[in-house]
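In: Sequence first, predicted coordinates after that:
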Amino acid sequence: MRPALFCDRDGTLIHDAHYLRDPADVRLLDGTVAMLRAFRDAGWALVVVTNQAGIARGLITPAEYEAVRARLDALLAAEGVTLDATYHCPHHPDVSGPCECRKPGTALYEAAATAHALDLARSAWIGDRWHDVSPALVLGGRGLLVPSDDTPPDERERAARAMCLLPDRYAVVASLLTPGTRA
């Protein structure tokens, strides 16, 4: 079993365009490719887990979500990086009721662990919001908050106290990987 880098999508790997529906608007954030490549080279699985409440709210269609996902995959593939899997929650509690797959719920992480033989205790969670990284408190591993412009100050403070607050994706690599480290 190998560890995984569980990544949020919007605001963590790509610019958060809020209810992104047009693949042409997908823009990788600085350090995304370098971070993913470093973890891939170290033997980690790369898994994206994203809440997509816009689907429940009727703001984006499942087909539009899939087109954006495919565009992200294509941009990464052009840089020599392949994701092991992408999971999404299409729900919103105000529209479709509560679910276990919406972050910070753990259902999608547990499904990924089963499907890809992942060691959750050796894994890491990276995101720009508390709900992206807090599953580490339940499942083990490390949560690393890399704030975006949309990260509330209280979530930054909470991550600094309870987990790890880092300035960028390069710091994620420095924090978790040392030269020559293998999964």
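Out: Right, received. Where do you want to start? Residues are numbered from 1 along each chain as shown.

In: Just after the helix-or-strand element of the chain with minimal mean pLDDT, pick out the following helix or strand.
Out: One helix or strand of the chain scores below all others by mean pLDDT, DSSP states H and E: helix 93-96, with a mean of 91. Sequence order places helix 107-116 as the next helix or strand after helix 93-96, per DSSP states H and E.

In: Spell out, range by range, the helices that occur in this structure.
Out: 32-41, 53-56, 62-78, 93-96, 107-116, 130-133, 135-139, 153-162, 169-176 (DSSP state H).

In: Residue 26: which of these is closest?
Out: Nearest to residue 26 among the helices of the chain is helix 62-78; the distance by C-beta to C-beta comes to 4.5 Å. Bear in mind the C-beta positions are built from the backbone N, C-alpha and C, glycine included.

In: Which elements pack onto the least confident helix or strand of the chain?
Out: Judged by 3 or more C-beta pairs under 8 Å, 6 or more residues apart in numbering; DSSP states H and E, helix 93-96 is in contact with helix 53-56.

In: List the contacts of the helix it packs on.
Out: When contacts are defined by C-beta atoms under 8 Å, 6 or more residues apart in numbering, helix 53-56 is touched by residues 19, 21, 60-62, 65, 89-92, 95-96, 102.
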